[in-house]
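K.L.:
my questions concern the predicted model and sequence given below.
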Amino acid sequence: MKRRTFLQQIGSILAVLGVTEAEWFRLSDRYSQALAQPTPRKLALLIGINQYQKSPSLNGCLTDVELQTELLTHRFGFQPSDILTLTEEQATREAIEAAFFNHLTQQAQPGDVVVFHFSGYGTRIQVAPNQLQNALVAGDENPALQNVPIANYVLEETLLLLLRSLPTDKVTAVLDTSYSTPSTAQTTGLRIRARQELPSVQLALPELEFLKQLKTQTLLKAQDIEVSPAIILSATSDMEESAREVLLSGFSAGLFTYALTQQLWESTPATTIQVSFSRVASAMSQLGSKQQPGLVSNKKNQQAGVTIANLLPDRMMGAEGAIIATEDDGKVAQIWLGGLPAQVLEYYGIHSRLALASGEHLEVRSRSGLTAKAQLAKISDTTPLQVGQLLQEAVRVLPRNINLTVALDPKLERIERVDATSAFATLPHVSKVVEGEQPADYVFGKLLQTPSRYGLFSLGGELIPNTTGEFGEAVKVAALRLATKLPTLLATKLWRLTENEGSSRLPVKVTLEILGISPKVVLQRETLRNLSSQQSHSPTRNQPVAIPTVPVGSRVQYRVQNKSQQPIYLMLLGINNHRTAIAFYPWQIVSDSDNSPNNQPLLQPVVIPPGETVTLPQTATTSGWMISGPTYECEHQLIFSTSPFPETLKALETAKYPTGDQQPITTLVNPLVIAQALLQDLHNASNVKAEMNGTANDYYILDVSHWASVNFSFRVA
């Protein structure tokens, strides 16, 4: 096919329009539908650029390409020969557009699946007086031509036209980039994928000519071509937001790409249609970013057509990873762990186990970043391991000595870093690192507006409330002042490590509702592993696009369904605005003199009978609890177990909490002790710890058959 013929086949340009929440759910799962569709061919073009000629290096773009490659190959059946990658200096503007034409346009047929991915810098460039356009910064960003600054970029408008040109309606693009840089410098541990362009820079003439040809041919052929639009999954939903990348254990990755691919690893035929960007946004929020993902489509009220259950082959079970290589005659495997939540992967310990479809277990012997070495857990298991076998989490092993990691902002003076290091060394359960060199949970640095004050920041640069001191405060005093704050943040980190919505085999469904004449669903979470591919699930139409907002003054409740054949126990822990730890623990008056000599209230476990649904909290006089102001961010972790929580309840009772008002959601005064007791209770509920001699003393051993943990994050405003 000649270039002219190609241009004549371009459809009309994809217009950027808003979508309603109902439309969002019909569109947001198009990516997973497209990946799972059993069509004659699945094609992908993946682009990642870390090293730029005239811009600071990025760190996670090549990892993004690897994350997508492993997902497409092992989870969704793409052939390696059908996945083309362009990285670093290969990814020039001309090479990207040529690869699109040769690999995608020339080969795609109606009904085929096409995926395009870009990770790298984005920017806004002036293409005409008073006209700025979004652009993807290619590997040959600024070649010098007669001392005139020339930008060799791919305009977003060009890309959208190219996507529209494909003769299939199953086209998805993932753009892990952004176009606007923050107006002020930030204290941040997350590198930003956007750069500001100088007004004097001119866009390369060949790109402008190519775009002009596309538009011209579009006008000529728009009436003759009937194609469906591409779906664009974007790292940000707002033009002013920044796409970020995060440093994890041994690697960096795009925050959006990691969260998105991790969710898709665990998706199942029955629930993929319910996967929303609220889960992706929640995962990014837990890593310290307020970045919200976005979706772009040009057709309102577009229908998905068929359910994901009809698209996904039965053999495609949800998974946390796959075998990517074998050795020792198939007894040892190299495994990919891209399906684990990022905060869990960071501490995923040796002796953790993953199950094959046959039921055999592999035990992790070592791990480096996203890959691990594993071997069959039982010597009697002799079936050779094979590349491509999917793996589901069976036993999670976490070290007991987990600390809160605080990074020092590089902008601190040398003497400030020395004093801060000395101060943090005296605090228990705190590790100090230099920002950007090792993974961290928070950043300690100066306030930009008042450099004589110090505070604690999220990795995304947000100041943590109540962590700033007085003007002129000594850095050592500022660090020590955080001694009462840091245990609460560490407790939150610990109970987040229990999250296993995708891998739990304990079937539960939880809905957060605003009470009224008819309850309004705020968020819904359900463990995925027990759902049958034959089950039919409709999307929750009023589920939010990203992290939802609950109005001040609302009365809310949790509706909890135990879908198992045994009673389960519940603990609800949480944190408000990174500041106050909270918990739900109902009291009960017990008259037994042996247990409560003065008829004092005692804590009672929250137990949900098999097959029943309960609402929490609920008293004899009212349902739910009132959400009071002012504006803040709220995060709840609901943890379920087949066994009671005796250690956790004991820790709550020992703290002598006030019981006069018996509020259902109450502040915790010893959150770190509670979090450690919770992990111990989950460890005690595991039946496999006896098989791991010598491990239980140093690790928490958690069996996915006996616990489930789901996260609810929302804003109050």
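P.N.:
Cool, the structure landed. Numbers count the residues shown, from 1 in each chain.

K.L.:
show me the strands in the stretch 351-500 of the chain, by range?
P.N.:
Using DSSP state E, counting those that start in this stretch, the strands of the stretch 351-500 of the chain run over 353-355, 361-368, 371-376, 390-399, 404-408, 430-434, 442-446, 454-457.

K.L.:
neighbouring strands - and their directions - for the longest one?
P.N.:
This points to strand 390-399. Each strand pairing with strand 390-399, determined using DSSP bridges, is listed with its direction: strand 321-327 (antiparallel), strand 353-355 (antiparallel), strand 699-703 (antiparallel).

K.L.:
buried sites along it?
P.N.:
When burial is assessed from 16 or more other Cβ atoms under 10 Å, strand 390-399 yields the following buried residues: 390, 391, 392, 393, 394, 395, 396, 397, 398. (C-beta placed from N, C-alpha, C; glycine too.)

K.L.:
before we move on, the earlier item: for residue 672, find the nearest of the strands paired with strand 390-399.
P.N.:
strand 699-703 (14.7 Å; Cβ to Cβ).

K.L.:
okay, buried residues for whichever helix or strand comes after the closest one please.
P.N.:
Helices and strands here follow DSSP states H and E; after strand 699-703, the next one along the chain is strand 707-716. By neighbour count on 16+ other Cβ under 10 Å, the buried set for strand 707-716 is 707, 708, 709, 710, 711, 712, 713, 714, 716.

K.L.:
name the helices or strands packed onto the longest helix seen in the chain?
P.N.:
Of all the elements of type helix in the chain, the one with the most residues (DSSP state H) is helix 205-221. When contacts are defined as 3 or more Cβ pairs under 8 Å, 6 or more residues apart in numbering; DSSP states H and E, helix 205-221 packs onto helix 3-8, helix 93-99, strand 153-155, helix 156-165.

K.L.:
out of these, deepest packed?
P.N.:
Mean neighbours per residue, mean count of other Cβ atoms under 10 Å, is largest over these for strand 153-155, with a mean of 24.

K.L.:
that one pairs with which strands, parallel or anti?
P.N.:
Strand pairing for strand 153-155, determined by DSSP bridges: strand 131-137 (antiparallel).

K.L.:
what residues does the strand it pairs with touch?
P.N.:
Contacts to strand 131-137, defined as Cβ atoms under 8 Å, 6 or more residues apart in numbering, come from residues 49, 52, 55, 96, 118, 120-127, 151, 153-157, 159, 175, 177, 179, 195, 203.

K.L.:
quick one: mean pLDDT for that strand?
P.N.:
Taken as a whole, strand 131-137 carries a mean pLDDT of 92.

K.L.:
can you pull the buried residues of that strand?
P.N.:
The neighbour-count check on strand 131-137 (16+ other Cβ under 10 Å) flags 133, 134, 135, 136, 137 as buried.

K.L.:
need these in a markdown table with distance to residue 245, can you?
P.N.:
Supplementary listing: the buried residues of strand 131-137 in a markdown table, determined by distance: Cβ to Cβ, whole Å:
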| residue | distance to residue 245 |
| --- | --- |
| 133 | 24 |
| 134 | 19 |
| 135 | 19 |
| 136 | 16 |
| 137 | 15 |
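
K.L.:
contacts for stretch 623-633?
P.N.:
Here stretch 623-633 makes contact (Cβ under 8 Å, 6+ apart) with 515, 550-557, 576-578, 615, 617-618, 663-665, 713-717.

K.L.:
before we move on, the earlier item: buried subset of the contacts of strand 131-137 as a ChimeraX selection?
P.N.:
The ChimeraX selection below is limited to those of these classed as buried (16+ other Cβ under 10 Å):
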select :49,52,96,118,120,121,122,123,124,125,126,127,151,153,154,155,156,157,159,175,177,179,195,203
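
K.L.:
now do the end-to-end distance for stretch 700-709.
P.N.:
15 Å (Cα to Cα, to the nearest Å).

K.L.:
sorry, wrong one. I was asking about stretch 410-429.
P.N.:
Between the start and the finish of stretch 410-429 there is a gap of 22 Å, counting by Cα to Cα.

K.L.:
how far does it sit from its chain's centre?
P.N.:
Stretch 410-429 sits 31 Å away from the centroid of its parent chain (Cα atoms, centre = their mean, to the nearest Å).

K.L.:
quick one on the thing from earlier: now the longest helix of the chain: average pLDDT?
P.N.:
The average pLDDT for helix 205-221 rounds to 78.

K.L.:
that one to strand 131-137, inter-axis angle?
P.N.:
Relative orientation of helix 205-221 and strand 131-137, computed by axes from the mean of the first three to the mean of the last three Cα atoms, to 10 degrees: 110 degrees.

K.L.:
so helix 205-221 versus helix 156-165, what angle?
P.N.:
Using the same axes, to 10 degrees: helix 205-221 against helix 156-165 is 40 degrees.

K.L.:
okay, buried residues for stretch 559-577 please.
P.N.:
Of the residues in stretch 559-577, those buried under the neighbour-count criterion (16+ other Cβ under 10 Å) are 559-564, 567-577.

K.L.:
how many other residues sit next to residue 689?
P.N.:
19 (other Cβ atoms under 10 Å).

K.L.:
same check, this time on residue 130
P.N.:
So residue 130, with other Cβ under 10 Å, has 5 neighbours.

K.L.:
got it, and residue 349?
P.N.:
Counted with other Cβ under 10 Å, residue 349 comes out at 17.

K.L.:
contact partners for residue 680?
P.N.:
By Cβ under 8 Å, 6+ apart, the contact set of residue 680 is 647, 700.

K.L.:
what about it, distance to residue 498?
P.N.:
Applying Cβ to Cβ, to the nearest Å, one obtains 12 Å for the distance of residue 680 from residue 498.

K.L.:
what pLDDT is listed against the nearest residue to residue 180 once chain neighbours are set aside?
P.N.:
Across the structure, with Cβ to Cβ, 6 or more residues apart in numbering as the measure, the residue nearest residue 180 apart from its sequence neighbours is residue 240 (5.1 Å). Each residue has a pLDDT score; the one for residue 240 is 86.
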